[in-house]
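Undergrad: got a predicted structure plus its sequence, pasted below:
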Amino acid sequence: MADPPTLHSRRTLNLHFDIPISKTREFWDSLKEGRFVTTKCMKCGSVCFPPQADCPKCMSGDVSWVDLGRDAALVTFTRVAVTPASFAEEGSYTIAIGELSEGVKVLAWLVGANVSRVKPGMKLRVEPRAGPDGKPYYVFVPA
Ligand SMILES: [Zn+2]
């Protein structure tokens with residue numbers, strides 16, 4: 001049976017995302033200092049991650065920053081073997097959801113773990129890192 005006809009594009013598509021961070025800059029500055037913070041609504045008490053300039057539950061703009069610490073418990077994870085084009089250079093990787101203090105759930109790559117030993121409930125730590133361009137990011141590592 002012949003393959004159905006296809007049309008392949010040979011163009012390289014470079015995507016650049018400019019995400020405004022003026023209202024969440026505290027998060028990035030804190031991450032560079034090794035602290036993992038997010039916003040808490042002073043009106044209804046909701047703690048959100050990622051940080052929000054305005055509370056998504058009650059729409060109040062009265063939010064303050066709370067330190068979540070860096071300890072987490074693994075909720076769930078998945079191993080990505082077929083990577084999207086934007087991560088093609090990375091090879092396979094593991095994405096995890098960890099629960100931090102205040103019940104905040106965070107999605108991040110899990111690195112430095114033997115995937116055959118990764119189990120929900122295991123202790124993780126958020127580890128701040130900097131990319132080659134100096135921009136901060138974070139991963140989970142086994143605690
Ligand atoms: Zn609120």
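TA: Now that the structure is in, tell me what you want to look at.
Undergrad: wait, is S30 part of a helix?
TA: Yes - checked against DSSP: H, G, I helix; E, B strand; the rest coil, S30 lies within a helix.
Undergrad: that one reaches V37, doesn't it?
TA: Yes - counting by Cβ atoms under 8 Å, S30 does reach V37; the two are 4.5 Å apart. For the C-beta atoms, the positions are set from N, CA and C on the backbone; glycine is no exception.
Undergrad: give the residues shared as contacts by the two.
TA: By Cβ atoms under 8 Å, 6 or more residues apart in numbering, S30 and V37 have these common neighbours: W65, D67.
Undergrad: name the SS class of I95, please.
TA: Here I95 is recorded as strand under three-state DSSP.
Undergrad: give me the number of residues near it?
TA: Look at I95: counted by other Cβ atoms under 10 Å, it has 14 neighbours.
Undergrad: equivalent analysis for the one 5 residues further on, please.
TA: By the other Cβ under 10 Å criterion, the neighbourhood of L100 contains 20 residues.
Undergrad: same question for E99.
TA: As a burial measure, E99 scores 16 neighbours (other Cβ under 10 Å).
Undergrad: what bridges to it?
TA: Taking DSSP bridges as the rule, E99 bridges to A73, K105.
Undergrad: do you know the pLDDT at it?
TA: Predicted confidence (pLDDT) for E99: 98.
Undergrad: tell me the spacing between it and L124.
TA: 9 Å (Cβ to Cβ, to the nearest Å).
Undergrad: overlap in contacts, those two.
TA: With Cβ under 8 Å, 6+ apart as the test, E99 and L124 both reach A72, A73.
Undergrad: CA atoms of stretch 81-93 as CSV?
TA: Once non-C-alpha atoms are left out, stretch 81-93 reads as follows in CSV (Å, rounded to 0.1, in the frame of the first residue of the first chain):
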residue,chain,number,x,y,z
ALA,A,81,10.4,10.0,24.7
VAL,A,82,9.2,11.7,21.5
THR,A,83,10.1,15.3,22.0
PRO,A,84,8.4,18.3,20.4
ALA,A,85,10.5,20.1,17.8
SER,A,86,11.3,22.9,20.2
PHE,A,87,13.1,20.3,22.6
ALA,A,88,14.5,18.1,19.8
GLU,A,89,18.1,18.7,21.0
GLU,A,90,17.2,17.6,24.6
GLY,A,91,16.5,13.9,23.9
SER,A,92,14.0,12.3,26.2
TYR,A,93,13.1,14.0,29.5
